[in-house]
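>>> predicted structure and sequence below. I'll ask about it afterward.
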Amino acid sequence: MSSISSIAIYVVSVFEIALDTVTAFCFNKIVVIFIFMEVQLRMYETIIEIKKDVPTELLNKLECLANDAFCNRAGRVVNTSNVPHLFVYKGRDEDYGCLELGALSLWKQRSFVECVQDWRWIDADPDENCDMLEVFARHAG
């Protein structure tokens, strides 16, 4: 094994990096190491289905409330749904706090919750997926 390969293996083991590929070469007596990693981006979603009998005017107000809730001090995520009675807000790790704060903000608005048919949290970890209406009802006090 060449000394360049040994150095590359040492760097990988010291930093405990999960790698796809490590490439190393010597350039003007300087060892250059390229590390290629596959980064998995975790996604989170909150999916809110509004009752079908909610009139269009009220539906528009609910959408505005939801959009405002998910534009908060933790960040901003947008509704990605093009279905009128379905609001889908999704984000990555950096958006987690925004999604959480937005959901809590909406839960406090009883007039909003009364119009919700179904509310799901979809997590990067499938074991964390849940029915938000059920979770909030369980912890309501």
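Looks like it came in fine.

>>> got the domain ranges for this structure?
The record's domain parsing of the chain by automatic domain parsing lists 3-36, 44-139.

>>> and those as CSV, adding mean pLDDT and mean neighbour count?
C-beta coordinates here come from the backbone N, C-alpha and C atoms, glycine included. As requested, the domains of the chain are arranged in CSV below (pLDDT from 0 to 100; neighbours: other Cβ atoms under 10 Å):
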stretch, mean pLDDT, mean neighbour count
domain 3-36, 51, 11
domain 44-139, 95, 15
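
>>> hang on, residue 118 in a helix?
No: read with DSSP: H, G, I helix; E, B strand; the rest coil, residue 118 is strand and lies in no helix.

>>> identify the bridge partners of it.
residue 49 (DSSP bridges).

>>> can you give me phi and psi for residue 103?
Phi and psi for residue 103, reported as degrees, to the nearest 10, are phi -60, psi -40.

>>> look up how far residue 113 lies from it.
11 Å (Cβ to Cβ, to the nearest Å).

>>> please, which helix or strand holds residue 61?
For residue 61, the element it lies in under DSSP states H and E is helix 56-69.

>>> hmm, who's touching that helix?
The contact list for helix 56-69, computed with Cβ atoms under 8 Å, 6 or more residues apart in numbering, reads 48, 50, 54, 78-79, 84-85, 87, 89, 101-103, 105-106, 109, 112, 115.
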